[in-house]
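Student: Need a 3D model of the following:
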Amino acid sequence: MGPVRRVVLFSKVPRLGAVKTRLSVRIAPAEALTIYCAFLADQLSLLDTLSAEPGVHVELCLDRPWTPVEARLDARISRFAFALQGPGDLGQRLDRAIARGLGEGARSVVVIGADCPTLPISHLHRAQRILDGPAEVVLGPAEDGGYVLIGLSLRAPALFAGIPWGTSEVLSATRRKIAEAGLAAEELEPWYDIDTPADLARLHSELSSAAVAARAPETARVLGCRPDGTGL
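Tutor: Next comes the predicted model:
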């Protein structure tokens, strides 16, 4: 394969009642599923764009084998080869994906999730440039205390062990692990993912921007947004 930068999209296979469950306090599970499918579609578009760049390899990493969801999304998924995350907690699965990428010849591996459909492509480009330099780790902090992006140029399983996944302590615990391991790290500008009704309301508001709507057109369509600040 030669030296490449790998970008991995971590995603659940969309299933009713299994995705965006915290949104279901305000919306029906079927609507939460539709929204998650839109997030995933927009992140697949990001992978498409990145895959056209020289020296970049993209991978879709799923929690289980794909099962049909909706025709539009099924057709898009079929264009991607995908890997399975495998067993274990999120840390074990992240470490496994990074180890696979590095083991297959990538000089760096950056992982993002499906829950941040407006994450700018510039964040990915900056993460790759950071890992091309002296830094061994790059983090994209999330505003809720987690992270929306992590990238490494070497395997460091200690960064993923003993992390309180799903809490507001993920980022601070990961920073401590990086310091304990003596690794050189840089951080990107914070971003946000979509977990709660408040996050969804913020996303709806920000999709009134033409630039944001262009980055996440499927999400804008599903949420009924258009770039004049109104719904359809």
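Student: CA only for contacts and neighbour counts going forward, please
Tutor: Will do.
Student: ok, and the closest non-adjacent residue to the spatially most central residue of the chain?
Tutor: Compute the mean C-alpha point of the chain, and by CA atoms, centre = their mean the closest residue is residue 113, 1.8 Å away. Leaving aside its sequence neighbours, residue 113 sits nearest to residue 10 (CA to CA, 6 or more residues apart in numbering; 4.8 Å).
Student: Return the strand or helix carrying that neighbour as PDB; C-alpha atoms alone will do.
Tutor: Element membership for residue 10 (DSSP states H and E) is strand 4-11. Output of strand 4-11 as PDB, limited to C-alpha atoms (Å, rounded to 0.1, in the frame of the first residue of the first chain):
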ATOM      1  CA  VAL A   4      -0.600   6.600   3.600                       C
ATOM      2  CA  ARG A   5      -2.800   8.500   6.000                       C
ATOM      3  CA  ARG A   6      -5.700   6.400   7.100                       C
ATOM      4  CA  VAL A   7      -9.100   7.900   8.200                       C
ATOM      5  CA  VAL A   8     -11.500   5.500   9.900                       C
ATOM      6  CA  LEU A   9     -15.200   6.200  10.500                       C
ATOM      7  CA  PHE A  10     -16.500   4.300  13.500                       C
ATOM      8  CA  SER A  11     -20.200   3.700  13.200                       C
END
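Student: C-terminal to that strand, what's the next element?
Tutor: helix 29-51.
Student: pLDDT (mean, whole number) over whatever helix or strand comes next after that following helix?
Tutor: Proceeding N to C from helix 29-51, the next assigned helix or strand is strand 56-62, under DSSP H and E. Mean pLDDT, computed over strand 56-62, is 96.
Student: gap between whichever helix or strand comes after strand 56-62 and the chain center?
Tutor: Proceeding N to C from strand 56-62, the next assigned helix or strand is helix 71-77, under DSSP H and E. Put simply, helix 71-77 sits 19 Å off its chain's centre (CA atoms, centre = their mean, to the nearest Å).
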